[in-house]
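**Q** Provided below are the primary sequence and the corresponding predicted coordinates.
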Amino acid sequence: MSTVAEAVAARAAASAGPEPLTFAKALTAAMADSLRADDSVVVFGEDIGTLGGVFRITDGLQEEFGEQRVFDTPLAESGIVGMAVGMAMNGLRPVLELQFDAFAYPAFQQILSHVAKMHNRTRGKVRLPMVLRVPYAGGIGGVEHHCDSSEAYYAHTPGLKVCTPATVADAYRMLREAIASDDPVVFLEPKKLYWTKDLVDLEALRAEFDAKPASSEGRAVVARPGTDATLIAYGPTVGTALAAAEAAAAEGRSVEVVDVRSIVPFDDETVTASVRKTGRAVVVAEAAGFASVASEIVARVQERCFHSLAAPVRRVTGFDIPYPPPKLEHWHLPSVDRILDALDDLQWED
């Protein structure tokens, strides 16, 4: 078998059911399937060709699809994104990797001034179907510039779609949807999830993608049902929220977990339906709490669910500090204990 992507596809095709698959290889399979399905898709970034990317997410793609469609770029993020803008304006669907979250900042001028505004600037005549893949967030013991939770910068920029998967299956389906979108998508990949595994039927996911209506994109999902309180999380904190819900169940509380999945557009319907049912909510996110996506979610929930709330909506977030050194990150990141403390603070009746 010539490539990892082909090996993954062959195993899935040969099996009668789900096979173990990592989050990373689900992303690889999504790009490989998109490259096969559409000749206009191109994949590029720093060291993504021969090396397969710093996290090996693009491993094997250049070997299968050639250097014209999967290629390395200079170490110049602004140039990478600027080139992608020109490609998208001329009929291609670029999928670019910005190696680490904080490495993307030199490209902000291109993202804010051109990627996000081109459709509006041209009165809808020019669309930019491009995906900016950004490995983000902490949990890997990384140093400064390697563990930023940068979602608020993108979410605050009208004209961008912003999404982040939390499961292996969503890594595949959401990246396929992003590549197929006619709008620019910032696709945030939680680095600490790259090596997680799940039983996934790739053939079923491919069939699901082919049959899925566009209206289903951007929807949140209930990751765990419950009746007493709602934990609202996305990306790297969904697993932590699920663990906290399991711990709360041992204390006799039924806690629902909502995986936001799409930050922009935001699925108010699913989130507010859960909170109206439970009457209590905690938002969990790794980014600093001030002026954050978590702040926006709290505001939206309290505006729409005010008369259903038994207590103010709480937040469990990273602290309002630069990302700490590796040995201190476990204090900085939301934890099960911090979430349980927030749940305890929701004015429960004796």
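**A** Yes, it's here.
**Q** Can you tell me the SS state at Arg276?
**A** helix (DSSP: H, G, I helix; E, B strand; the rest coil).
**Q** can you count the residues close to it?
**A** Close neighbours of Arg276, defined as other Cβ atoms under 10 Å, add up to 16. C-beta here means a position set from N, CA and C on the backbone, and glycine is covered the same way.
**Q** which residues touch it?
**A** 305, 308 (Cβ atoms under 8 Å, 6 or more residues apart in numbering).
**Q** Distance-wise, check it relative to Asp59.
**A** Arg276 sits 45 Å away from Asp59 when distances are taken as Cβ to Cβ, to the nearest Å.
**Q** Ok, Ala311 next?
**A** Distance, Ala311 to Asp59, using Cβ to Cβ: 48 Å.
**Q** Looking at those two, which has the bigger crowd around it?
**A** Under the criterion of other Cβ under 10 Å, the comparison of Ala311 against Asp59 puts Asp59 first, with 18 against 14.
**Q** C-alpha coordinates for stretch 142-156, CSV please?
**A** Provided in CSV are the C-alpha atoms of stretch 142-156 (Å, rounded to 0.1, in the frame of the first residue of the first chain):
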residue,chain,number,x,y,z
GLY,A,142,4.1,22.8,24.7
VAL,A,143,5.9,26.1,25.3
GLU,A,144,4.8,29.6,24.4
HIS,A,145,3.7,30.1,20.8
HIS,A,146,2.6,26.5,20.6
CYS,A,147,-0.5,26.3,22.8
ASP,A,148,-2.7,29.3,22.2
SER,A,149,-6.5,29.1,22.2
SER,A,150,-7.0,31.7,19.4
GLU,A,151,-10.7,31.1,18.5
ALA,A,152,-11.9,34.5,19.7
TYR,A,153,-9.8,36.3,17.2
TYR,A,154,-11.4,34.5,14.3
ALA,A,155,-14.9,34.4,15.8
HIS,A,156,-14.8,38.2,16.1
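**Q** just how off-centre is it within its chain?
**A** Taking the mean of its C-alpha atoms, stretch 142-156 sits 12 Å from the chain's own mean (Cα atoms, centre = their mean, to the nearest Å).
**Q** Please spell out which residues along it are buried.
**A** Buried positions in stretch 142-156, judged by neighbour count with 16 or more other Cβ atoms under 10 Å: 142, 146-155.
**Q** Ok, stretch 199-212 next?
**A** Neighbour counts over stretch 199-212 (16+ other Cβ under 10 Å) mark 200-203, 205-206, 209 as buried.
**Q** Could you dump those residues into CSV with distance to Ser295 added?
**A** As requested, the buried residues of stretch 199-212 are exported to CSV (distance: Cβ to Cβ, whole Å):
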residue, distance to Ser295
Val200, 34
Asp201, 38
Leu202, 37
Glu203, 41
Leu205, 34
Arg206, 38
Phe209, 33
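**Q** Looking at these, which one is closest to Ala245?
**A** Val200 (22.6 Å; Cβ to Cβ).
**Q** gap between that closest one and Leu96?
**A** Distance, Val200 to Leu96, using Cβ to Cβ: 25 Å.
**Q** And for Tyr105?
**A** Distance from Tyr105 to Leu96, by Cβ to Cβ: 15 Å.
**Q** which of those two has more neighbours?
**A** Applying other Cβ under 10 Å to Tyr105 and Leu96 shows that Leu96 carries more neighbours, namely 23 against 16.
**Q** nearest to Ala247, of the buried residues of stretch 199-212?
**A** Checking these against Ala247 by Cβ to Cβ gives Val200 as the nearest, at 26.6 Å.
**Q** helix, strand or coil for the nearest residue to the closest one once chain neighbours are set aside?
**A** If the residues on either side of it in the chain are set aside, Val200 comes closest to Leu21, at 4.3 Å by Cβ to Cβ, 6 or more residues apart in numbering. Look at Leu21: counting by three-state DSSP, its state is strand.
**Q** Report how many residues lie close to Leu21.
**A** Residues lying near Leu21 (other Cβ under 10 Å) number 25.
**Q** Val260 too?
**A** 25.
**Q** so who does it touch?
**A** Taking Cβ under 8 Å, 6+ apart as the test, what Val260 contacts is 220, 232-234, 266-267, 271, 297.
**Q** can we see that at 7 Å?
**A** Counting by Cβ atoms under 7 Å, 6 or more residues apart in numbering, Val260 touches 220, 232-234.
**Q** Trp195 too?
**A** 22, 24.
**Q** wait, Glu256 sits on Val222?
**A** Yes - using Cβ atoms under 7 Å, Glu256 makes contact with Val222 at a distance of 6.3 Å.
**Q** These two - which one has more neighbours?
**A** When Glu256 and Val222 are compared for neighbours, Glu256 comes out ahead with 23 against 15, by other Cβ under 10 Å.
**Q** The host helix or strand of Ala32 packs against which elements?
**A** Assigned by DSSP states H and E, Ala32 belongs to helix 23-37. Applying 3 or more Cβ pairs under 7 Å, 6 or more residues apart in numbering; DSSP states H and E, we find helix 23-37 packed against helix 4-14, strand 41-45, helix 61-65, helix 168-180.
**Q** now the angle between strand 41-45 and the longest one, please.
**A** Same thing as helix 168-180. 110 degrees (axes from the mean of the first three to the mean of the last three Cα atoms, to 10 degrees).
**Q** what about the helices in the chain?
**A** 4-14, 23-37, 61-65, 77-89, 108-110, 118-121, 151-155, 168-180, 202-211, 238-250, 268-278, 293-305, 329-332, 336-344 (DSSP state H).
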